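Generate coordinates for the sequence data below:
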Amino acid sequence: MFDLTGKVALVTGSTTGLGKSMALHLGRAGAKVALNYAHNVERAEKTLAEFEAEGLTGALFRGSVIDPDSVTRLEEEIRESLGPIDIVILNATPAQPILPFEEYDWEFHQSMLDFFVKSPFLLTRAILPGMKERGYGRIINIGSEVFDRGVPNFSPYVAAKGAQRGWTRSMSQELAPFGITVNMISPGWIPVERHENDPEEEKQAYLSLIPMGHWGKPADIGAAAVYFASDEANFITGQTLVVNGGMTVN
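Sure thing, here's the model as predicted:
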């Protein structure tokens, strides 16, 4: 079960955090993985070394997922190096400061829409012809529990994640006749590298609300990604899998 041998997967923003975990899990399931990054070369090369140390097949591809020319080039480079993309996980994200509404400007709102609406549009447009031709594809958006919880002082991020979920639902219906599934994974707060300096009292306050009584792990998101990417999920589309220990109930 969950064998991805022969498949090519692109995970955007995959050299750190949850993206890295998803890339590793896809690789362990047999996929050839395109590791994408935008800026930090040293971190990207370290991630590739970890990948290769496990005997996994992957390669680094630098590129912005919100720039049309960059996305076109990214798709071409992956296709030439690893093969046509069968699985794409739309994970890349910018900084996410929590602020009162008055302290956000439209430029920040736009950056959220760029990563969570524009990027899925650009990447899907680039890979869709090949997926339709092969009659197969997996498009997996990474959402967030914040949409379900209506987290305050976070309105630009919450709004953009809501738009991404709506896009997932609509595209799932449009692409189902072509054998292409479109789903979303919505993680709760799962501490990764960028949370190292978060206040301990905030972490403990969140932890106290998790019904399962413990933190989620990046591996929990990696496992969910493998499931949605696999043949075992052939008949599942338009769905959102919330991975947060029961913090929200759909």
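
Are we agreed that Val226 is in a helix?
Yes: counting by DSSP: H, G, I helix; E, B strand; the rest coil, Val226 is part of a helix.

pretty sure it is touching Phe2, no?
Yes: using C-beta atoms under 8 Å, Val226 makes contact with Phe2 at a distance of 5.3 Å. The way it works is simple: take the backbone N, C-alpha and C, and place the C-beta from them, glycine included.

Which one's more surrounded, these two?
More crowded of Val226 and Phe2, by other C-beta atoms under 10 Å: Val226, with 25 against 15.

circling back to that earlier point, between Val226 and Phe2, what contacts are shared?
Residues within reach of Val226 and of Phe2 at once, by C-beta atoms under 8 Å, 6 or more residues apart in numbering, are Ala29.

what's the next secondary structure element after the helix ranked longest in the chain?
The single longest helix within the chain, with elements called by DSSP state H, is helix 155-175. Using DSSP states H and E, the helix or strand that follows helix 155-175 in sequence is strand 180-187.

Point out the other helices and strands that that next one packs with.
When contacts are defined as 3 or more C-beta pairs under 8 Å, 6 or more residues apart in numbering; DSSP states H and E, strand 180-187 sits against helix 119-134, strand 137-142, helix 155-175, helix 218-229, strand 240-243.

re the thing from before, which residues outside the longest helix of the chain are in contact with it?
The contact list for helix 155-175 (C-beta under 8 Å, 6+ apart) reads 90, 96, 101, 104, 108-109, 112-113, 115-117, 120-121, 124, 128, 131, 137, 139, 141, 143-144, 146-147, 150-151, 181-184, 186, 237-240.

which of those residues count as buried?
90, 104, 108, 112-113, 115-117, 120, 124, 128, 131, 137, 139, 141, 143-144, 146-147, 151, 181-184, 186, 237-240 (16 or more other C-beta atoms under 10 Å).

Could you list the low-pLDDT ranges of the protein?
195 (pLDDT under 70).

Quick check: the spatially most central residue of it vs Gly216, distance?
The structure's the chain has its C-alpha centroid closest to Asn91; by C-alpha atoms, centre = their mean the separation is 2.6 Å. Counting by C-beta to C-beta, to the nearest Å, the separation of Asn91 from Gly216 is 16 Å.

Could you check how far the longest helix of the chain is from the centre of its chain?
13 Å (C-alpha atoms, centre = their mean, to the nearest Å).

so how far is Ser155 from the residue lying farthest from the centre of the chain?
Relative to the C-alpha centroid of the chain, counting by C-alpha atoms, centre = their mean, Glu102 is the outermost residue, at 29.0 Å. Counting by C-beta to C-beta, the gap from Glu102 to Ser155 is 11 Å.

Would you check that Asp86 makes contact with Glu133?
No: counting by C-beta under 8 Å, Asp86 does not reach Glu133; the two are 11.8 Å apart.

Give the residue from those two that has the larger number of neighbours.
Asp86 (22 against 10).

Identify the residues contacting the nearest residue to the more buried one once chain neighbours are set aside.
Nearest non-adjacent residue to Asp86, counting by C-beta to C-beta, 6 or more residues apart in numbering: Lys7, 4.4 Å away. Going by C-beta under 8 Å, 6+ apart, Lys7 touches 30-32, 86-87, 229.

Apply 10 Å and report the result again.
26, 29-33, 82-87, 136, 138, 229-231 (C-beta atoms under 10 Å, 6 or more residues apart in numbering).

Since that was my last question, I'll sign off now.
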